[in-house]
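below is the sequence, then the predicted model.
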Amino acid sequence: MVPTEVLARQHFESIIQMFEEYGIGARAILLTGSMTQKEKRLAYEAIESHRADIIVGTHALIQEKVVYDKLALVITDEQHRFGVGQRQMLGSKGEEPHVLVMSATPIPRTLAIILYGDLDISVIDELPANRLPIKNCVVGTGYRENAYKFIAKEVAAGRQAYVICPMVEASEMIEGENVIDYTETLRRNLPPSICVEYLHGKMKPKEKNALMERFAAGEIQVLVSTTVIEVGINVPNATVMMIENAERFGLAQLHQLRGRVGRGGHQSYCIMVSGNDRPETMERLDILNRSNDGFYIASEDLKLRGPGDIFGVRQSGDMEFKLADIFTDAAVLKSASEEADRLLADDPELSREETGSLRAGWTPTWRRAMEKLCCRRDTI
């Protein structure tokens, strides 16, 4: 299950290609919301009768009409784009299937262990073979002319480019570049031989898919887009990511956008254009400028703005712990997560009635951790 139809189609085509290449006899099918009623009905029948072994799709996979036969493995890609309930809904369509969730949105390692304490965590922190690290730069709006020349140079070498704007259309309320006007600006500033098109979330799914297919085929050299392309788009020939009003985006989102380039064997570049030069803005963007490591970026971002409510709606600010601190007490928080697992394994029903008996069950490690916190704080 993936969050967008463009990504679903990419996964589906990759699986088909892999099966053909390695002679795998399994059958994969695609299920998305934009399919016709007839196409959906045929897909439902194939899924229920087990004529399909692998089903790739969007939220359409969790609709009531979809009935699976022996659903054994549930994979959620870009899992941060789905609600907890949606992920559980897919898993509930089988009898205790194995679950794999994937995301390239960086979460600090310790925080990930706390959040996903009930899952085994695998970290892939190395580039695939023959990939080069992306070269980054943070610039002001005065650099645009040079950036346009650089894009033209890359296109002349046979490469492609993305340009990201925060808005679809111009607004009187908000200052910032918009996709519609920026496309015209690029068409005026780039050679006429360069095809420049735009993409945004308000377009119909078929329009978006057609544009992405043309971009992937090399028919479009420069794609001006909103953040609709941040998730999973794979065009190895794209080598330039230019982000306008970079100060308007979160670091995790900027890291995701940057990940759309550097997917092939060619050197790739990320140009972040800031609309203001306030020290706090430049400090934040410099984190991305210095590093391509998602875990480092996440940790620095957390220090700058605080984590907010992990399971709530507040996205920044100090986490409301009564006595712990997310950084200095990271080891204790990790220990707490492990101790909770041990306690549940020992007493799944939490049937102990008295706090005293609960304390008696604490391991020496957890007892020392609590004593350490008690010594540091006025009260517990």
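Sure thing, it's come through. Numbering: from 1, shown residues only.

helices or strands up against the host helix or strand of A340?
With elements taken from DSSP states H and E, the one containing A340 is helix 330-346. For helix 330-346, the contact count by 3 or more CB pairs under 8 Å, 6 or more residues apart in numbering; DSSP states H and E identifies helix 109-115, helix 364-376 as packing neighbours. Bear in mind the C-beta positions are built from the backbone N, C-alpha and C, glycine included.

which of the residues in that helix are buried?
If you call a residue buried by 16 or more other CB atoms under 10 Å, then helix 330-346 has these buried ones: 330, 332-337, 339, 343.

quick one: mean pLDDT for stretch 155-162?
Per-residue pLDDT values over stretch 155-162 give a mean of 97.

in it, what counts as buried?
Within stretch 155-162, the residues that count as buried by 16+ other CB under 10 Å are 155, 159-162.

what segments of the chain are helices?
In order along the chain, the chain carries the following helices (DSSP state H): 5-22, 37-48, 84-91, 109-115, 144-156, 179-189, 205-216, 251-258, 279-290, 294-305, 330-346, 355-360, 364-376.

which of those helices sits closest to I29?
helix 37-48 (5.7 Å; CB to CB).

for the closest one, name the packing helices and strands.
On the basis of 3+ CB pairs under 8 Å, 6+ apart, helix 37-48 makes packing contacts with strand 28-31.

just to revisit the earlier point, any chance of the helices of the chain in TSV, with distance to L31 too?
TSV is the format used below for the helices of the chain (distance: least, CB to CB, whole Å):
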stretch	distance to L31
helix 5-22	8
helix 37-48	5
helix 84-91	12
helix 109-115	29
helix 144-156	36
helix 179-189	29
helix 205-216	13
helix 251-258	25
helix 279-290	36
helix 294-305	30
helix 330-346	36
helix 355-360	48
helix 364-376	46
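
which of those is buried the deepest?
Comparing these on average neighbours per residue, with mean count of other CB atoms under 10 Å, the densest one is helix 251-258 at a mean of 22.

using CSV, list the CA coordinates for that helix.
Only the C-alpha atoms of helix 251-258 are listed here, as CSV (Å, rounded to 0.1, in the frame of the first residue of the first chain):
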residue,chain,number,x,y,z
LEU,A,251,13.6,19.8,7.1
ALA,A,252,12.1,16.3,6.7
GLN,A,253,10.1,17.5,3.7
LEU,A,254,13.2,19.1,2.1
HIS,A,255,15.1,15.9,2.7
GLN,A,256,12.3,13.9,1.0
LEU,A,257,12.3,16.4,-2.0
ARG,A,258,16.1,16.2,-2.3
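
can you name every helix or strand that that helix contacts?
Short answer (3+ CB pairs under 8 Å, 6+ apart): helix 251-258 packs on strand 238-243, helix 279-290, helix 294-305.

just the CA coordinates for the shortest one, please, in CSV.
Translated: strand 238-243. Output for strand 238-243, consisting of C-alpha atoms alone and laid out as CSV, is shown next (Å, rounded to 0.1, in the frame of the first residue of the first chain):
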residue,chain,number,x,y,z
ALA,A,238,16.9,13.8,-13.0
THR,A,239,20.0,15.4,-11.5
VAL,A,240,18.8,18.9,-10.4
MET,A,241,16.4,19.7,-7.6
MET,A,242,15.7,23.4,-7.2
ILE,A,243,13.5,24.4,-4.3
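
elements contacting it?
helix 144-156, strand 160-164, helix 251-258, strand 269-274.

got CSV for these, with distance to V74 too?
Formatted as CSV, the entries for the helices and strands packed on strand 238-243 read as follows, by distance: least, CB to CB, whole Å:
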stretch, distance to V74
helix 144-156, 40
strand 160-164, 31
helix 251-258, 23
strand 269-274, 33
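
output the lowest mean pLDDT helix or strand found in this structure.
The least trusted helix or strand in the chain, going by mean pLDDT, DSSP states H and E, turns out to be helix 355-360, with a mean of 51.

surely I15 and A28 touch.
Yes: here I15 lies in contact with A28, judged by CB atoms under 8 Å, at a distance of 4.8 Å.

and for these two, which residues touch both?
In the contact map built from CB atoms under 8 Å, 6 or more residues apart in numbering, the residues linked to both I15 and A28 are 54, 56.

output the below-cut-off pLDDT ranges for this protein.
Under the criterion of pLDDT under 70, the regions of the chain flagged as low confidence span 105-118, 172, 232, 305-330, 352-380.

what's the closest non-adjacent residue to A246?
M272 (3.9 Å; CB to CB, 6 or more residues apart in numbering).

relative to L186, how far out is that neighbour?
To L186, M272 is 17 Å away according to CB to CB, to the nearest Å.

what sits against R81?
The contact partners of R81, taken as CB under 8 Å, 6+ apart, are 3, 231.

on that earlier part again, now distance to T32 too, for the helices and strands packed on helix 251-258, in TSV please.
Shown next, in TSV, are those (distance: least, CB to CB, whole Å):
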stretch	distance to T32
strand 238-243	24
helix 279-290	33
helix 294-305	28
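
nearest to I124, out of these?
When these are ranked by proximity to I124, the top entry is helix 294-305, at 10.2 Å, counting by CB to CB.

packing partners for that closest one?
Using 3+ CB pairs under 8 Å, 6+ apart as the contact criterion, the neighbours of helix 294-305 among helices and strands are helix 109-115, helix 251-258, helix 279-290.

try 6 Å this time
helix 251-258 (3 or more CB pairs under 6 Å, 6 or more residues apart in numbering; DSSP states H and E).

and the angle for the helix it packs on with helix 294-305?
Here helix 251-258 runs at an angle of 150 degrees relative to helix 294-305 (axes from the mean of the first three to the mean of the last three CA atoms, to 10 degrees).
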